[in-house]
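Participant: Quick one, fold the following:
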Amino acid sequence: MSDVPSPDPDPDAWERACAEDLAAERARARQQEPGSAAEELRKLVDAVAGKVSELGLPQAGADAVQQLAARAKAVVEPVIERNPDVFDHLAAAGGELLAAYRAVVHGQERRWTRGATGEGPAAGDAPGAQGTGTEHIDLD
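Facilitator: Residues are numbered from 1 along each chain as shown. This is a model prediction of the structure:
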C-alpha cells in the first residue's frame with residue numbers, strides 16, 4: 001500500500017456514502033416499525049408457539065401444545081385474511097378505552113389525594129353524595 005493519495009479523488013464519495021448509510025438506516029427502521037394489528041396478532045401466535053416448543057415438554061405434552069397452536073392459528077388466519085382492518089379498529093378502540101379509564105382514575109386519585117392532604121373537600125364530599133359514602137364520577 002502506498003501513502004500517496006490518488007491523483008483524482010472522487011469529490012462526491014462522502015455524500016454518496018452518507019446517502020447510502022441513511023437509506024440503510026431508514027430501511028432498518030421500517031422493518032422494526034410495528035405492523036398492523038393483524039400482523040402483530042400473527043406474530044404473537046407464532047411467538048407463543050415457538051416459545052412453547054422451546055419449553056422441553058415431554059413428547060406427549062409437546063404434541064398436544066403443537067396441536068393446540070396449530071388449531072389456534074387455523075382459527076385466527078382466516079379471520080385475519082377476511083377482515084384485517086377489523087383488528088386495527090379494535091386496537092384503536094382499545095387504546096381509546098384505556099385512555100378514558102386512565103383519565104377517570106387520574107381524576108379520582110387527584111380527588112382522593114386532595115381530600116387526604118386537606119387541600120380541598122374529601123372524596124365523599126361531592127355534591128349529592130353527602131352522607132352516602134359514594135361519589136358520582138362524571139364520564140362526560
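
Participant: which secondary structure elements does the host helix or strand of Ala74 contact?
Facilitator: According to DSSP states H and E, Ala74 maps onto helix 59-82. Counting contacts by 3 or more CB pairs under 8 Å, 6 or more residues apart in numbering; DSSP states H and E, helix 59-82 is packed against helix 37-54. In short, each C-beta sits where N, CA and C put it, glycine included.

Participant: ok, and for the helix it packs on, which residues are buried?
Facilitator: By 16 or more other CB atoms under 10 Å, the buried positions in helix 37-54 come out as Ala37, Ala38, Leu41, Arg42, Val45, Ala49.

Participant: Ok, stretch 89-105 next?
Facilitator: Buried residues in stretch 89-105 (16+ other CB under 10 Å): Ala91.

Participant: so for stretch 92-106, what's the average pLDDT?
Facilitator: Taken as a whole, stretch 92-106 has an average pLDDT of 92.

Participant: Not counting it itself, show me its contacts.
Facilitator: Ile137, Leu139 (CB atoms under 8 Å, 6 or more residues apart in numbering).

Participant: Show me where this protein dips below the pLDDT cut-off.
Facilitator: 1-7, 29-35, 115-136, 138, 140 (pLDDT under 70).

Participant: Please repeat the previous calculation with a cut-off of 90.
Facilitator: 1-19, 21-92, 107-140 (pLDDT under 90).

Participant: Now do the domain split for it, please.
Facilitator: The chain breaks down into these domains under automatic domain parsing: 35-82, 84-127+136-140.

Participant: Next, format these as JSON lines and append distance to Asp12.
Facilitator: As requested, the domains of the chain are exported to JSON lines (distance: least, CB to CB, whole Å):
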{"stretch": "domain 35-82", "distance to Asp12": "36"}
{"stretch": "domain 84-127+136-140", "distance to Asp12": "43"}
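
Participant: if we can go back for a sec, check the offset of the helix holding Ala74 from the chain's centre.
Facilitator: Relative to the chain's own centre, helix 59-82 is displaced by 23 Å; criterion: CA atoms, centre = their mean, to the nearest Å.

Participant: next helix or strand past that helix?
Facilitator: Helix 59-82 is succeeded, C-terminally, by helix 84-117 (DSSP H and E).
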